[in-house]
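Chemist: heads up, no residue letters with this:
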């Protein structure tokens, strides 16, 4: 019997359609059908200047908008050969790690909700509110911040940000202990997740899986350590791995990653100085400060040229990959010397990781399909773009 | 853009040497840009070069990260495929590049080399119309089945066709 786990389903985490061929309660084969959230972001980027396209990148992986901004800006900065000042890099790291924490909180809350541990969801979202308040203080926006721009950041960090982040860092560890206390040793949680969705590390690598799914199989591959970007080599953190490669191992890896991110945020907060540049100094590319624009002629001309025509990177291609909460998020930008990109492509981790789903659920029960979809941690905006 | 083999990235030097030792025609051009290395491979040698990259223990590129296409219209050959590969044991990255024309958009599929090429190639087929020979399940992925046209080609308007 072929059953349609349709695009409208509370447990598919978005508009994902999975066609399940069943033998009783067991899955024989399955076929994910995606594209319900395809908005043509890559095509739209070709019609916009390099700076205008940043707002489009927010909307792909909507639980990690700062990460998307970062990967796109790093790729364009590579095309330009632009060096970002250290202070801006540290602020970027802090914000991206806060984004990672918020993404893992959503994952934990919704995954627990799918498995029946319904009370956890609002606890996770309550903590996420604090992170969104921090983003709102920085950028004016809770989610689609577009705060990371080419050459640095959009604005100077706001007054009083240290107190907010410090309060968050003090509040968070006991809360994470609370979630673990509810789930980790819980017999129902272990019964639902242990031994489910096993794939060997060789299979995962052959299927191009990256991120917590690969780290739960014992392969310690994390882009922040392997190919450091944006000053990550100066930070001290671990890359948690497990070996069982089942849903329970992926849960443990993500919770440990959440704790490691808290460490990174604290280190970044200590490294960020109160004075200093928040964006690079590149006159034809990065807009001048508004005070200068209103008083100096050259600044006014640069401002005008940047916002009407845009800057033109030299012809070439650049591929940069960062570690998003879901795996390797890559951005391939090709320039033909015009102010608009020739091609922007995003290597979306959810898209690539999702092709492992049919292999994961082969022979399992329907209830395990829900566990496996949750454990891959897909965001449909990332899958479809 | 030149045939230099003294690249900034020492690991990429190894790749070029090993591939050229295996087959002198494997790497027709080496492009270096800000520390990134791209190897241009002739279309007919693509799958065997990929097998070399995966199986040669000095190269060991075990993960295929991304398959992208760039439409270089009006330059011919128009559709340029870029493959991003990672060697997890060696902590190295490399890119392969090959080009096809829109009149003959056929390339060997890399599914026999890395099964993860499945959806990556389906997406390129869906949006650019490149046919991957040897792909077990080449059908549209992101767009609806009955969709006509290949939207990410440069001659397809952004707003769509009415």
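Modeler: That came in fine, so what should we check first? Since we're looking at a predicted model, the values are computed, not measured. Numbers count the residues shown, from 1 in each chain, chains lettered A, B, ... in the order given.
Chemist: and the residue of chain B nearest chain A?
Modeler: In chain B, the residue that lies nearest chain A is residue B:116 (2.9 Å; CB to the nearest CB). Every residue, glycine included, has its C-beta placed from N, CA and C.
Chemist: got the contact list for that residue?
Modeler: A:206-209, A:352, A:355, B:63-64 (CB atoms under 8 Å, 6 or more residues apart in numbering or on different chains).
Chemist: gap between it and residue A:296?
Modeler: Using CB to CB, to the nearest Å, one obtains 53 Å as the distance from residue B:116 to residue A:296.
Chemist: Direction included, what does the particular helix or strand that has residue B:97 in it pair up with?
Modeler: Per DSSP states H and E, residue B:97 falls inside strand B:92-100. Sheet pairing of strand B:92-100 (DSSP bridges) gives strand B:36-40 (parallel), strand B:79-87 (antiparallel).
Chemist: so residue A:77 touches residue A:149, yeah?
Modeler: No: with contact defined as CB atoms under 8 Å, residue A:77 does not reach residue A:149; the gap is 10.2 Å.
Chemist: Looking at these two, which one has more neighbours?
Modeler: Set residue A:77 next to residue A:149 and count neighbours by other CB atoms under 10 Å in any protein chain shown: residue A:77 wins out with 23 against 20.
Chemist: can you give me the helices for chain B?
Modeler: Shown for chain B, the helices assigned by DSSP state H span residues B:10-22, B:46-55, B:117-128.
Chemist: for the first one, packing partners?
Modeler: Read that as helix B:10-22. In terms of contacts (3 or more CB pairs under 8 Å, 6 or more residues apart in numbering or on different chains; DSSP states H and E), helix B:10-22 is packed against strand B:36-40, helix B:46-55, strand B:92-100.
Chemist: returning to what we had before: quick one: the strands paired with strand B:92-100 as CSV, columns for mean neighbour count, mean pLDDT and distance to residue A:138 too.
Modeler: Shown next, in CSV, are the strands paired with strand B:92-100 (neighbours: other CB atoms under 10 Å in any protein chain shown; pLDDT from 0 to 100; distance: least, CB to CB, whole Å):
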stretch, mean neighbour count, mean pLDDT, distance to residue A:138
strand B:36-40, 20, 89, 31
strand B:79-87, 22, 92, 32
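Chemist: what's the closest of those strands to residue A:255?
Modeler: strand B:79-87 (26.1 Å; CB to CB).
Chemist: With adjacent residues omitted, what lies nearest to residue A:340?
Modeler: Once flanking residues are discounted, residue A:340 sits nearest to residue A:49: 5.8 Å by CB to CB, 6 or more residues apart in numbering or on different chains.
Chemist: which ones are touching that neighbour?
Modeler: Residue A:49 is in contact with A:309-311, A:339-340, counting by CB under 8 Å, 6+ apart.
Chemist: Only whichever of these are buried, select them in ChimeraX.
Modeler: To isolate the buried ones among those in ChimeraX, judged by 16 or more other CB atoms under 10 Å in any protein chain shown, type:
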select /A:310,311,339,340
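Chemist: out of the contacts of residue A:49, who's nearest residue A:275?
Modeler: Distances from residue A:275 to the contacts of residue A:49, taken by CB to CB, are shortest for residue A:311, at 27.5 Å.
Chemist: neighbours of residue 74, just the number please.
Modeler: All of this refers to chain A. 23.
Chemist: nope, chain B
Modeler: Residues near residue B:74, counting by other CB under 10 Å: 8.
Chemist: Could you verify that residue A:157 is part of a strand?
Modeler: No: under DSSP: H, G, I helix; E, B strand; the rest coil, residue A:157 sits outside any strand and is assigned coil.
Chemist: That one contacts residue A:91, doesn't it?
Modeler: Yes: Residue A:157 is in contact with residue A:91 according to CB under 8 Å; the separation is 6.2 Å.
Chemist: Need the residues touching each of the two.
Modeler: The contact sets of residue A:157 and residue A:91 overlap at A:272, A:278 (CB under 8 Å, 6+ apart).
Chemist: what about chain B, any weak spots by pLDDT?
Modeler: Chain B contains residues with pLDDT under 70 at B:1-9, B:161-162.
Chemist: Contact residues of it facing chain A?
Modeler: B:33-34, B:36, B:38, B:62-66, B:68-72, B:82, B:84, B:86, B:88, B:91, B:93, B:95, B:114-120, B:123, B:127, B:140-144, B:151-152, B:158 (CB under 8 Å from any CB of the partner chain).
Chemist: what about residue 129, how many neighbours?
Modeler: In the absence of a named chain, chain A is used. Residue A:129 sits with 13 neighbouring residues when counted by other CB under 10 Å.
Chemist: Not quite, go with chain B.
Modeler: Residue B:129 is flanked by 17 other residues according to other CB under 10 Å.
Chemist: neighbours of the closest residue in space to it that isn't next to it in sequence, just the number please.
Modeler: Closest residue in space to residue B:129, ignoring its immediate chain neighbours: residue B:150 at 3.8 Å, by CB to CB, 6+ apart. Residue neighbour count, defined by other CB under 10 Å, stands at 21 for residue B:150.
Chemist: Quick check: residue B:150 vs residue A:60, distance?
Modeler: From residue B:150 across to residue A:60, the span is 21 Å (CB to CB).
Chemist: and if you look at residue B:104?
Modeler: 33 Å.
Chemist: between the two, which one's more packed in?
Modeler: For residue B:104 versus residue A:60, the count of surrounding residues by other CB under 10 Å is larger for residue A:60: 26 against 10.
Chemist: shouldn't that one be in contact with residue A:383?
Modeler: No: in this structure, residue A:60 is not within contact of residue A:383 by CB under 8 Å, at 9.4 Å.
Chemist: Can you work out which residues contact both of these two?
Modeler: residue A:348.
Chemist: any idea whether the residue nearest to residue A:340 is helix, strand or coil?
Modeler: At residue A:49 the chain is in coil, as set by three-state DSSP.
Chemist: Could you do residue A:333 as well?
Modeler: What three-state DSSP gives for residue A:333 is strand.
Chemist: partners of it in the sheet?
Modeler: Residue A:333 forms beta bridges with residue A:318, residue A:344, as assigned by DSSP bridges.
Chemist: out of everything not next to it in sequence, what's closest to the one residue in the stretch 201-350 of chain A that gets nearest to chain B?
Modeler: Closest residue of the stretch 201-350 of chain A to chain B, CB to the nearest CB: residue A:208 (2.9 Å). Closest residue in space to residue A:208, ignoring its immediate chain neighbours: residue B:116 at 2.9 Å, by CB to CB, 6+ apart.
Chemist: how close does the one you found sit to residue A:250?
Modeler: As defined by CB to CB, residue B:116 lies at a distance of 18 Å from residue A:250.
Chemist: for residue A:293, same thing?
Modeler: For residue A:293, the distance to residue A:250 - CB to CB - is 49 Å.
Chemist: Please identify the helix or strand for residue A:44.
Modeler: Mapping residue A:44 onto the secondary structure by DSSP H and E places it in helix A:41-45.
Chemist: buried residues in that helix?
Modeler: By neighbour count, with 16+ other CB under 10 Å as the criterion, the buried positions of helix A:41-45 are A:41-43, A:45.
Chemist: what does stretch A:199-209 give?
Modeler: Within stretch A:199-209, judged by 16+ other CB under 10 Å, the buried ones are A:199, A:201, A:203-209.
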